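> A structural model of the following input is requested.
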Amino acid sequence: MKVILYLSIFCCFFNASVYSQNETNITYGLKFGALQSKISNLPESIKGRDNTFDNSVMESKGAYGLEGGFFLNFKLYDTRVAIQPEILFRQSGEKVTYRDAVGKEFELGLHYSYLQIGALYKVYPYQGLNLGFGAFYGISLSPNNVTYTSNEAGGMYDVATRQFYQDGLEGADDFSLCFAAGYELHQSIHFDLRYYLGVKDVVKSNASSFQFIENQNKSGVICFSVGYSFHQW
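Next comes the predicted model:
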């Protein structure tokens with residue numbers, strides 16, 4: 001079912017890009033960037049599973065990833081306003097570290113991928129300078145991509161423990177509000193800085209021996225990207 005959805009969206013964007021070649025107020029192109037992401041309340045969700053974590057420290061470290069894809073920019077006639085729909089691929093997630101008084105340490109990583117579909121409402125107060133606000137829905141592509149490494153018994157139990165986390169924590173679709181600031185050069189080069197504020201739970205706690213606490217684990221992403229327009233206004 002998701003495959004049909006992806007193909008339908010792609011066809012819509014492709015038809016729009018072909019049509020845009022004959023419209024001076026429409027441009028299209030590609031963008032690529034790097035990001036830092038966090039998922040809120042993850043240590044609280046995990047530490048509640050048993051009392052052995054009472055004298056331990058678990059901290060969120062964030063994660064780095066990539067974002068890139070295709071955009072269309074529809075400039076409203078005789079205004080300084082544009083609507084910019086996008087289809088993006090994003091890698092984001094979170095890493096948490098654990099240590100206790102007896103010397104046990106581990107690092108747990110959630111490495112999620114999403115197909116991001118959304119749009120920005122952009123205002124151009126001066127030349128290529130622009131401010132944007134929008135919303136994006138992220139379809140989860142890798143809900144069980146979990147890593148786990150520890151110093152316990154030389155890592156002997158890491159594979160089994162990673163499987164427990166994969167069974168207990170599952171990545172869900174994301175929905176986020178987007179706040180953007182950027183600049184578009186006359187040579188079709190775009191620079192863009194964004195913050196995505198997640199508004200829904202992106203980690204589902206499944207029934208498992210770990211007894212994770214169900215929590216509101218929301219995403220937060222800062223992204224800087226560079227884009228190129230193939231068709232100028």
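
> surely residue 163 forms part of a strand?
No - read with DSSP: H, G, I helix; E, B strand; the rest coil, residue 163 is helix and lies in no strand.

> elements contacting the helix or strand where residue 85 lies?
Assessed by DSSP states H and E, residue 85 sits inside strand 81-100. Judged by 3 or more Cβ pairs under 8 Å, 6 or more residues apart in numbering; DSSP states H and E, strand 81-100 is in contact with helix 2-20, strand 26-39, helix 42-47, strand 56-60, strand 63-75, strand 105-126, strand 129-140, strand 219-229. To be clear about C-beta, it is placed using only N, CA and C from the backbone, and glycine gets the same treatment.

> for the protein, list the residue farthest from the centre, please.
Most distant from the centre of the chain: residue 102, at 35.8 Å, with distances by Cα atoms, centre = their mean.

> and that residue, helix, strand or coil?
coil.

> hang on, the earlier thing: make CSV from the helices and strands packed on strand 81-100 and add mean neighbour count, mean pLDDT and distance to residue 164 to it.
Formatted as CSV, these follow (neighbours: other Cβ atoms under 10 Å; pLDDT from 0 to 100; distance: least, Cβ to Cβ, whole Å):
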stretch, mean neighbour count, mean pLDDT, distance to residue 164
helix 2-20, 12, 46, 27
strand 26-39, 19, 94, 19
helix 42-47, 20, 82, 11
strand 56-60, 14, 87, 16
strand 63-75, 19, 95, 20
strand 105-126, 18, 95, 11
strand 129-140, 18, 96, 20
strand 219-229, 19, 96, 23
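
> out of these, nearest to residue 202?
Of all the helices and strands packed on strand 81-100, strand 219-229 sits nearest to residue 202, with 5.2 Å by Cβ to Cβ.

> elements contacting that closest one?
strand 26-39, strand 63-75, strand 81-100, strand 174-184, strand 189-198.

> got these as a markdown table, with distance to residue 115 columns?
Putting the helices and strands packed on strand 219-229 into a markdown table (distance: least, Cβ to Cβ, whole Å) gives the following:
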| stretch | distance to residue 115 |
| --- | --- |
| strand 26-39 | 15 |
| strand 63-75 | 9 |
| strand 81-100 | 6 |
| strand 174-184 | 10 |
| strand 189-198 | 14 |
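
> can you confirm residue 214 is in a helix?
No - the assignment for residue 214, made by three-state DSSP, is coil rather than a helix.

> can you get me a residue count around it?
Neighbours of residue 214 under the rule other Cβ atoms under 10 Å: 12.

> check contacts around residue 30.
Listed by Cβ atoms under 8 Å, 6 or more residues apart in numbering, the contact partners of residue 30 are 68, 69, 70, 71, 227, 228, 230.

> what do you get for residue 227?
Contacts of residue 227 by Cβ under 8 Å, 6+ apart are 29, 30, 31, 32, 71, 189, 190, 191, 192.

> go again with 6 Å.
By Cβ atoms under 6 Å, 6 or more residues apart in numbering, the contact set of residue 227 is 29, 31, 190.
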